[in-house]
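**Q** Dropping a prediction and its sequence here:
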Amino acid sequence: MDIMLKPDVVNSVVPVVYNKYRWPDAIVPYVIKGVFSTTQRTIISKAMAQYTASTCVRFVPRTTEATFLTIDNSPTGCWSYIGRSLNNSYNLVNLQAPSCITTGTVAHELMHALGFYHEFTRSDRDDYVTIDTGALDPKYQTTAFYNANYAKLAANLTPLYGIPYNYGSVMHYSKWAGAYNQSRPVMNNIKPWTGDFGNKVGLAATDIQAINFMYACPLK
């Protein structure tokens, strides 16, 4: 599980729809709370730079902003809350070092913080993937885990912006995420696709499109 839901959205609405969950003017002030090495900070900066290069979103060091994103590295894994909150307790990305410090993982968690859910929870996902819950590690075979990670979202709650489904999105889990073993993947593609799902190097073209639509970025 790599997303955390704020109390006002649990079993309620998907925040990507509502402007109050978006960062105003596409500016995300941030502070780094956790202790990261110089190399790890460089990787975090490189992931942020992907947003700068291809979207209007800017991650900027916080000065006096009241609402800001905190980046921590507590020993609780790789996760983020979804979208912006006026309560800074919910503006948090956790990147446990060293396992979470890859460009793809950092970009993934930052995209959650911008307000995005996983690619495979799109309302049209049944046309693209099958989910074999029996392939999950037994400790993950719970309703709570499924709802938090794999539940399909309603069409009226998440805009698709006319962007096609992408197995190579940075917001897509691996086929084997949470699997009991590597012989039986949890997710399988319905449409033609070679290799694993997800993106280890960062934002895919469709991710960039979605961010630019959501934040009304001018064309570059």
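**A** Cool, the structure landed.

**Q** How many residues are close by Arg84?
**A** Close neighbours of Arg84, defined as other C-beta atoms under 10 Å, add up to 24. No exception for glycine: its C-beta is placed from N, CA and C like everyone else's.

**Q** change the start of the numbering to 49 and stick with it
**A** That works, and once the first residue is 49, the last one we named lands at Arg132.

**Q** and the residue nearest to it when sequence neighbours are not counted, what does it touch?
**A** With C-beta to C-beta, 6 or more residues apart in numbering as the criterion, Arg132 has its nearest non-adjacent residue at 5.0 Å, and that residue is Trp71. The neighbours of Trp71, taking C-beta atoms under 8 Å, 6 or more residues apart in numbering as the test, are 105, 132, 162, 263.

**Q** Could you do Val177 as well?
**A** When contacts are counted by C-beta under 8 Å, 6+ apart, Val177 touches 168, 215, 235-238.

**Q** Please report the number of neighbouring residues for Ala114.
**A** When neighbours are counted by other C-beta under 10 Å, Ala114 registers 8.

**Q** same question for stretch 229-243, mean pLDDT?
**A** Across stretch 229-243, pLDDT averages out at 97.

**Q** got the buried residues for that stretch?
**A** 233-235, 237 (16 or more other C-beta atoms under 10 Å).

**Q** and Thr87, how many neighbours does it have?
**A** Thr87 is flanked by 10 other residues according to other C-beta under 10 Å.

**Q** wait, Tyr194
**A** 14.

**Q** One more: the one 4 residues further on?
**A** By other C-beta under 10 Å, the residues close to Tyr198 number 21.

**Q** Just confirm it contacts Phe168, I think it does.
**A** Yes. Counting by C-beta atoms under 8 Å, Tyr198 does reach Phe168; the two are 7.1 Å apart.
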